[in-house]
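[1] return a 3D structure for these sequence lines:
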Amino acid sequence: MTADELQIYNRGMTEQTETALQPLDYARHAADVASDKLASDIVMLDIADVSDFADYFVIVTVESTRQMRALAEDLEHALEDKGCRRHHREGTPESGWMLLDFGDLVIHIFGADERQFYDLESAWAEATELVRIL
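    Predicted structure coming up:
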């Protein structure tokens, strides 16, 4: 996909409203929602300079499959209420990992063991860490 095609694709992920937020605003809102819902080790990474498919990752850890399911739903509703539409979802609470793709924003929800195993922060070491909430 060319850069122009990717820009058009990502533009389709957000509804145009009078007060449309920027991807950074959506990422901050996602981190706030995760914090409010008692997720832990919340990290927001700026990956724009090292990725051609998204601008931000929000990575969070949850304690149970029940919390993962609830948090995924809460994040989807909270971002949709702000005008950001989910493109797709991968993983399941039972797998210990879920991905919510909002175009320029990708949210990773992990169980503790899966978070340690996949170690996304190391895999994306060139990204800029913007937020960390323990």
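[2] so Glu114 sits against Glu94, correct?
    No. Counting by Cβ atoms under 8 Å, Glu114 stays clear of Glu94, with 11.3 Å between them. For glycine as for every other residue, the C-beta is placed from the backbone atoms N, C-alpha and C.
[3] more neighbours: which of these two?
    When neighbours are counted by other Cβ atoms under 10 Å, Glu114 and Glu94 differ, and Glu114 comes out ahead with 18 against 10.
[4] so that one sits in a strand?
    No. Glu114 is assigned helix when assessed by DSSP: H, G, I helix; E, B strand; the rest coil, not a strand.
[5] and it, what pLDDT?
    Glu114 carries a pLDDT value of 97.
[6] same question for the one 3 residues further on.
    The confidence metric pLDDT takes the value 96 at Phe117.
[7] what about it, how many residues nearby?
    By the measure other Cβ under 10 Å, the count of residues near Phe117 is 11.
[8] can you tell me the SS state at it?
    Relying on three-state DSSP, one would call Phe117 helix.
[9] then the one 5 residues further on?
    Per three-state DSSP, the secondary structure class of Ser122 is helix.
[10] against Ala72, how distant is it?
    Ser122 is 24 Å from Ala72, where distance means Cβ to Cβ, to the nearest Å.
[11] please say which of those two ends up with more neighbours.
    Using other Cβ under 10 Å, the more surrounded residue of Ser122 and Ala72 is Ala72, with 21 against 7.
[12] please, which helix or strand holds the more buried one?
    helix 65-81 (DSSP states H and E).
[13] buried residues, that helix. List them.
    67-69, 71-72, 74-76, 78-79 (16 or more other Cβ atoms under 10 Å).
[14] for stretch 112-130, same thing?
    114-115, 120-121, 124, 127, 130.
[15] now flag whichever of those is closest to Asp41.
    Closest approach to Asp41 among these (Cβ to Cβ): Arg115, at 7.2 Å.
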